[in-house]
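1. here is a sequence with its predicted model. Questions after.
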Amino acid sequence: MSVELDVFVGNTTIMDEEVYQFWLDGYTVNDAVKVRMEGGVLEECEASAEVLRSDTMDQYRTFQMCERLLHSPAKLANQLLFQIPPHRQTMLIERYYTFDGVFVREVLGKKLSKGTKKDLDDVSAKTGVTLKSCRRQFDNFKRVFKVVEELKGPLVENIRQHFLLSDKLARDYAAIVFFANNRFETGKKKLHYLTFQDFAFCAGQLISNWTVGALDNMLEDMDVDLEKEFLQDLKELKILITDKDLLDQHKSLVCTALRGKTKAFNEMEANFKNLSRGLVNIAAKLTNTKDVRDFFIDLVEKFIEPCRSDKWTAGDMRLYLTHYTNSAHILDTFKHQVVWDRYMGVIKSCILKMYHD
Amino acid sequence: MPGKLKAKIVAGRHLPVMDRASDLTDAFVEVKFGNTTFKTDVFPKSLNPQWNSEWFKFEVDDEDLQDEPLQITVLDHDTYSANDAIGKVYIDIDPLLSCEAATVISGWLPIYDTIHGIRGEINVLVKVDLFNDLNRFRQSSCGVKFFCTTSIPRCYRVALVHGFVEELVVNEDPEYQWIDRIRTPRASNEARQRLISLMSGELQRKIGLKVLEMGGNAVVGYLQCFDLEGESGLVVRAIGTACTLDKLSPGTAPNTTTHTNTHTLPNTAPTSNACNSPSKDSKEPVFSEDPPHSLSGPPTPLRTLPSSSPPPFSPSKPCSRQSSSSDTDLSLTPRIGMGSGGSVGKEAGPLKTLLRQHTQSALEQREFPIFTLTCFPPGFLVHVGGVVSTRSVKLLDRIHNPDEPETRDAWWEEIRQEIKSHAKALGCHAVVGYSESTSICEEVCILSASGTAAMLNPRFMREGCLDTGGSDHRLSRQPHPGMVGSERGEGEVSSTWLGFEDASPPSCGFVHIPYDEFNMPFPAQLTYCYHCRRQKVPDVLFTTIDLPAEAEVTGKGCLIQARLCRTKKKAQGEVNATSISNLLPFMEYELHTQLMNKLKLRSMNALFGLRIQISVGENMLLGLASATGVYLSALPAPGGIQIAGKTPSDLSYDQHISTMQKRIDDTIAKNKELYNIHPPECIEEVVGSPIPDRQRSSRLFRSTSESSDELSELDLSHGKKDAFVLEIDDTDAVEDIQSLLTDAPIPAGFYSCNTEVMPGIHNWTSGLQMFTSVRVYRLSNANLTNQGLNKIFTDLCENLLKSLYFKLRSMIPCCLCHLNFTVAVPEEELIQVAVTAVAMSFDKETQQAADKALTRGSGENEEQLQFSMEMCGESTISNNQPTAKPSGVPESAMVHSSRDRCSTWLELLRLKAHTIRRGSVKTISSSERCSPLPEGRSRSLRSTRSLPCGAPVTVVKMTPLSFLPGTRIVKYLGIINMFFIRETTSLREEGGVSGFLHSFIAEVFAMVRAHVAALGGNALVSYSMKECVFMENPNKNQAQCLINVSGDAVIFIRESDQEAIPPLLTSRQTSSTGADGTT
């Protein structure tokens, strides 16, 4: 005797969050049943493996049928096929668009193209995330990217409205889109210690300070691209390192302020010029797309690594960057205060975020 | 031209991409009614077109309005080739034809295609202007209300029950016409859908006409079925109970409405003479305390009671085997009378005369004193005799003249006559809880009918029965304050509350035997009623109805199923029919034995909602009996189950037996605990019973060993002699015991029943989940024995139940109500089981308290009850006080403003509801005061109803029950009766058979919900899936499925809000009477 057909349809669609997670994680029905059995649902409800299997299959089918709707979450609310209470809808969408930190770290900054998709099996092998789940996550990135690409207005808001995601998740997606669009390099070995959340934070800073949408009103353009004019203006900062007087003046101001406040004072004093050159050079080069891509690697190589080898503490870093930024205002021949602040504000918070082991 | 139908096409959304090049669609809409078609403009290049069309007007006969559906077809415009159809929407406009139902259909309806399923939605507006037609010879029956609900719909009261109405129409099945060879599957499916829609419209109109003729204005318990007879045609048939219903008009107390309503009702005209006019005298014999039949015996005190015997199973009447000869050449068989049926043949002379006297009654003069209702106003049922059922095997032939469906009519007529005569044999004059069904395999068709023989209170049948005063209350189904949330409870109050003129005390009267004690139609053990101790009751009672509101139950009930599989040889034509009809009695008998054993095992003594389904396949017959077992306090406690071996000398054998006996005893004890059955111990138990206890318990089993069902006389004699119980030498018996003990226990926290609600559970929460589950099993091994098949079938049902429990575990504590199993044998070696039910969660904490509150002594009179109600109210006040603080001044200020605004029907209704809830005279003044809170609620309701198109979809609840716990149904919007076909030629791509059926059922639900919402409703009650025919051809990658669903669209409002009101009212009434007086 074999079960040829087995369906269960409720007027209110029944969905088990646990099974949903298995489905999202790309478990096969068999694997999901195995895990569930180990989880002890059976004893709890006096059910047999057969029952569990039937239930799992049924749920998987339901999710598959829902998947089409989840691709455009707004439809989920006014479709008629499944009667799902609003809070469940939110859960379904949120979970569907949630991604694995390890996975996103692998594709962050890569072009969301077919080529990348082909390499997902390597990613899957490397991260331990099932290929199915990798594909779903990748497709999610791509889908969000495609939709917001053509939209005007603030990125995060667009994502939130179109995909009905929570604020947190919308911000993460904004970061992913932003990274993919600017193709920031994140895969170099030196950057491996950084988590997705580090990058997401930096992306947030960049989006809200360095893009067109950041200062202008939202009508202009979307805020996926860095503002060209601003990048041009950054070239002017070069004077801080090319003008010898200015550089010395800056150094002495910073050192005066720091003296006695930190153990790493000597290293700071010794390295000041190098570090300052590093930061200003990064700024000056950002007009080149290629250098934009290397933004994070440059930050690490030119600034974070030297500091780390000198054993600065996080407090030292904060102190140094604060005074370094503020002291530039006292330089009477330095005229680019606004650009400087806009640049250093982001750099400071990015470095602080990235300065860890 | 008495009607103008108007339709407006507003917009579409989520349309499929029809033009691959542009990824868009150029959609337009055809609106068709009858032979008239209108078209909208093409809305180019959009998946969300906004047509915003003009009003398309159709001027049509009301006859057509009833028959025809409005057909809306969405197409993709194509300049060069033919336009592609996207899909269709059929709109049944019947709900718009009754002034009390819906007034407009407006909303998003799924666009459906039989090949692709739902393809987007369309927003439409439909209205009807109906002109009055006073033509006496009219063919239409607009305005007759239809209800699937098998009880008096809430918010109506029954003025008169006219009785049975039936009709059937036949046609050729389009799928079997020659043209089907050349047209596409889509065209064929659509032709079928359209035809069935037309036929059900026509059927409903014809039934309506009959109702008008009888003088009624509504059909309750409307049951429509399709018989897909294949080559020989398509039969659509319906049965129902014609009633005159009065809408409980808002703002008036029931007392006052009674008079005005009945007299203004145009339909209770003299036309109903035939049915209702019989004089009072002629009825007296039936219902009076001292019936004439007592003359036929010695005038012992006992005789004066309308006593009776139980409806035990007497397999079939002696003549059943031969009955084929008496029929036409087609009907090859035995109609099996269950319970009562067998008795007919051996009636003693005196009984026959008695019966004749019974026939004198007015009811009997009707053609069929049959009622499809399963739930009655208190006092309606006087006595219940037992289950009566009939089956008949027929050979189908082509229906030659669709306009004269005489053969089919005759078949059913025959069956109903048989049912009626069975009822007579049980000393009853009516059949209630009646239903009909068919099972078709190739050209063989089993027609089945079953019901419960009963004596009814003539008051409900009589013209102008509505004498004022108490009886009116009894007729209406209004809730009373004491009973919170439980509809059943409400009924209970009103019955006790009003007292009864009838002889039998209200809570036990219906179990008293209606037949003559000394001329019992079948063997049975009688005892004095455990409740009133005055009249005789049987030891077990089987019925097809719901548990009457007034019944007193000990503990809880549970679902009891008997399952049976019988192989048969493949055969053709008459040979086949004969072999089937020969098998039927055995099946019925075995099912009955199983039921009885399982009932005893659960220590219960009555079955309600009994439904026995026998399905025929090419090489087997399936039998499935489902019922809800309960312990009726008025009936004697069931004896235990004893087993005995044939060779008691053997020691090890004895041991074996004693272990088995122990297992059985343990199970019984466990079940008693589980179902909370702890009847008060009764010492004088034997008093009324002519047979000692041990024998009683044995008798039922004894018959197990006796396989000849026809020998009911033998049966009778056996019943009186022996002492042995169950011989386990007998393989059948071993199997029985096995099946008894293998029934898996229900997981903790779950209860199940197949009736409307579970006896013993009252405090339902609003947690509700209706579901349908379908399984198809393939029997891998072709040459299975009966026993093997039985095991498989039982496992199948048990596993299905287990799955359901598992799925619904989050709702614990919960009860699966109205569990309705349907079995079929779609192909050789395939068994299909479909289950529809509703899971309702209840509140465990308050269960105990509620139990206590609801146990009512029978002697309670009005004063007592009112007192307790007041108490309830008081206690709730104290609970609610903190939350309900903002009463007092601001609220009373609101009162006035709201009273002025209180113009919507809803508010009026609610006012009314409150008046009723207060349930007494003094309320009339308080009705004004109770408006503020409803006002707030009605606003919220209105806001949900007037949702703009793009807003979230209205939640539509669905339930097979006639009510939603914790809510009040304020309006019935009309019947929903939909038929869909879905076909696929890419089965694998759609996820195999399961994927295909899963999405189809989901789509059907979605369409039902959308149509309910478009009528303005927020729930579908009395939902049922009457047909789910699934066919597959995996080799061709094809599958087809037909589904027919029905129910009543309603608007409900949450009772929880209202719960808060009575206490508030009371408090204000007591505290601020002076203030009110001044306002």
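-> Yes, it's here.
2. CA only for contacts and neighbour counts going forward, please
-> Noted.
3. what helix or strand does whatever residue of the stretch 451-600 of chain B ends up closest to chain A sit in?
-> Chain A sits closest to residue B:565 of the stretch 451-600 of chain B, with a gap of 14.5 Å, by C-alpha to the nearest C-alpha. For residue B:565, the element it lies in under DSSP states H and E is strand B:553-567.
4. now for that strand, which elements pack on it?
-> The contact analysis (3 or more C-alpha pairs under 8 Å, 6 or more residues apart in numbering or on different chains; DSSP states H and E) places strand B:553-567 against helix B:573-601, strand B:620-632, strand B:750-752, helix B:786-807.
5. quick check: mean pLDDT of that strand?
-> Mean per-residue pLDDT for strand B:553-567: 88.
6. any buried residues in it, and which?
-> B:553-567 (16 or more other C-alpha atoms under 10 Å in any protein chain shown).
7. list the buried ones in the helix or strand containing residue B:420?
-> Using DSSP H and E, residue B:420 sits in helix B:406-425. By 16+ other C-alpha under 10 Å, the buried positions in helix B:406-425 come out as B:408-409, B:411-412, B:414-416, B:418-425.
8. could you do stretch B:31-47 as well?
-> For stretch B:31-47, a neighbour-count test (16+ other C-alpha under 10 Å) marks B:31-33, B:39-40, B:42-47 as buried.
9. likewise stretch A:18-29?
-> Within stretch A:18-29, the residues scored as buried using 16+ other C-alpha under 10 Å are A:19-20, A:22-27, A:29.
10. report the separation between residue A:229 and chain B.
-> 38 Å (C-alpha to the nearest C-alpha, to the nearest Å).
11. Three-state assignment for that residue, please.
-> Here residue A:229 is helix, with the state taken from DSSP: H, G, I helix; E, B strand; the rest coil.
12. wait, residue B:85 touches residue B:111, no?
-> No: the criterion here is C-alpha atoms under 8 Å, and residue B:85 misses it with residue B:111 at 10.5 Å.
13. so what sits against both of the two?
-> Common neighbours of residue B:85 and residue B:111, using C-alpha atoms under 8 Å, 6 or more residues apart in numbering or on different chains, are residue B:74.
14. higher neighbour count, these two?
-> For residue B:85 and residue B:111, the more surrounded residue by other C-alpha atoms under 10 Å in any protein chain shown is residue B:111, and the numbers stand at 25 against 16.
15. just for the stretch 151-300 of chain A, where's the confidence low?
-> A:213-223 (pLDDT under 70).
16. from it, which residue is nearest to chain B?
-> Nearest residue of the stretch 151-300 of chain A to chain B, counting by C-alpha to the nearest C-alpha: residue A:164, 13.9 Å away.
17. now do the contacts for the residue nearest to that residue when sequence neighbours are not counted.
-> In this structure, residue A:164 finds its nearest non-sequential neighbour in residue A:73, 6.5 Å apart by C-alpha to C-alpha, 6 or more residues apart in numbering or on different chains. Taking C-alpha under 8 Å, 6+ apart as the contact definition, residue A:73 lies against A:93, A:162-164.
18. residue B:970 and residue B:795, how far apart?
-> Distance of residue B:970 to residue B:795, given as C-alpha to C-alpha, to the nearest Å: 43 Å.
19. equivalent analysis for residue B:771, please.
-> 21 Å.
20. and the two? Which one has more around it.
-> residue B:771 (24 against 17).
21. show me what contacts the residue lying closest to the more buried one once chain neighbours are set aside?
-> In this structure, residue B:771 finds its nearest non-sequential neighbour in residue A:10, 4.0 Å apart by C-alpha to C-alpha, 6+ apart. Contacts for residue A:10 were tallied using C-alpha under 8 Å, 6+ apart; they are B:769-772.
22. so residue B:427 versus residue B:69, what's the distance?
-> Taken as C-alpha to C-alpha, the span from residue B:427 to residue B:69 is 45 Å.
23. pick out whichever of those two has more residues nearby.
-> Ranked by neighbour count (other C-alpha under 10 Å), residue B:427 and residue B:69 place residue B:427 first, with 33 against 21.
24. secondary structure class of the closest residue to that one other than its chain neighbours, three-state.
-> Distances taken as C-alpha to C-alpha, 6+ apart place residue B:515 nearest to residue B:427, at 4.4 Å, with adjacent residues excluded. Under three-state DSSP, residue B:515 falls in the coil class.
25. so which of the contacts of residue A:73 belong to helices?
-> Here DSSP state H is the test, and these give A:93, A:162-163 as lying in helices.
26. where does residue A:75 sit: helix, strand or coil?
-> With three-state DSSP as the basis, residue A:75 sits in helix.
27. quick one: contacts of stretch A:181-191?
-> Against stretch A:181-191 from outside (C-alpha under 8 Å, 6+ apart): A:105-106, A:108-111, A:192, A:224-225, A:292-297, A:300.
28. one more: stretch A:197-208?
-> By C-alpha under 8 Å, 6+ apart, the residues outside stretch A:197-208 that reach it are A:171-172, A:174-176, A:178-179, A:213-214, A:223-224, A:226, A:346, A:349-350, A:353-354.
29. picking that back up, can you select the buried ones from the ones in helices among the contacts of residue A:73 in PyMOL?
-> In PyMOL, this line selects whichever of those come out buried by 16+ other C-alpha under 10 Å:
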select buried, chain A and resi 93+163
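30. and the pLDDT for residue B:53?
-> According to the prediction, residue B:53 has pLDDT 92.
31. what's the nearest residue to it if we skip its chain neighbours?
-> Excluding the flanking residues, the one nearest residue B:53 by C-alpha to C-alpha, 6+ apart is residue B:9, at 5.3 Å.
32. quick check on residue B:229: phi, psi?
-> The phi/psi pair for residue B:229 (degrees, to the nearest 10) reads phi -90, psi 10.
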